[in-house]
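K.L.:
Sequence first, then the predicted structure, then my questions.
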Amino acid sequence: MIVGGSIHAGHHQRELVAWAERHRTSLGVVPSAFFTVCLTAADDTEESRTATREYLDQFVERTGWTPARSTTFAGALRYRE
């Protein structure tokens, strides 16, 4: 199972975190992956890589679910849309 969410104001959405907490046991017994989409990942700096890693680490800590694989994708903010 692949699960993903975006970062808003420095956090994953509460609904996503709550969902992962509720389903962490079943997520732990199937092949699973998690991705985060955030603006920070658009910068190719050590500081940005550290920040995006922290988003993933905080998610794992809060939910109790450790996916087999995880990654972060750069997002976009379109001010006119």
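P.N.:
Yes, it's here.
K.L.:
Which other helices and strands does the longest helix anywhere in the chain contact?
P.N.:
Ranked by residue count under DSSP state H, the longest helix found in the chain is helix 46-63. With contacts taken as 3 or more Cβ pairs under 8 Å, 6 or more residues apart in numbering; DSSP states H and E, helix 46-63 sits against strand 11-12, helix 14-28, strand 33-38, strand 69-74. C-beta coordinates here come from the backbone N, C-alpha and C atoms, glycine included.
K.L.:
Walk me through which strands the last one pairs with, and which way each runs.
P.N.:
Strand 69-74 pairs in its sheet with strand 33-38 (parallel), by DSSP bridges.
K.L.:
Could you give the average pLDDT over the partner strand?
P.N.:
Strand 33-38 shows a mean pLDDT of 94.
K.L.:
Which residues does it contact?
P.N.:
Contacting residues not belonging to strand 33-38 are listed as 1-7, 12, 52, 55-56, 59, 65, 67-75 [Cβ atoms under 8 Å, 6 or more residues apart in numbering].
K.L.:
try 6 Å
P.N.:
2-4, 6-7, 55-56, 67, 69-73, 75 (Cβ atoms under 6 Å, 6 or more residues apart in numbering).
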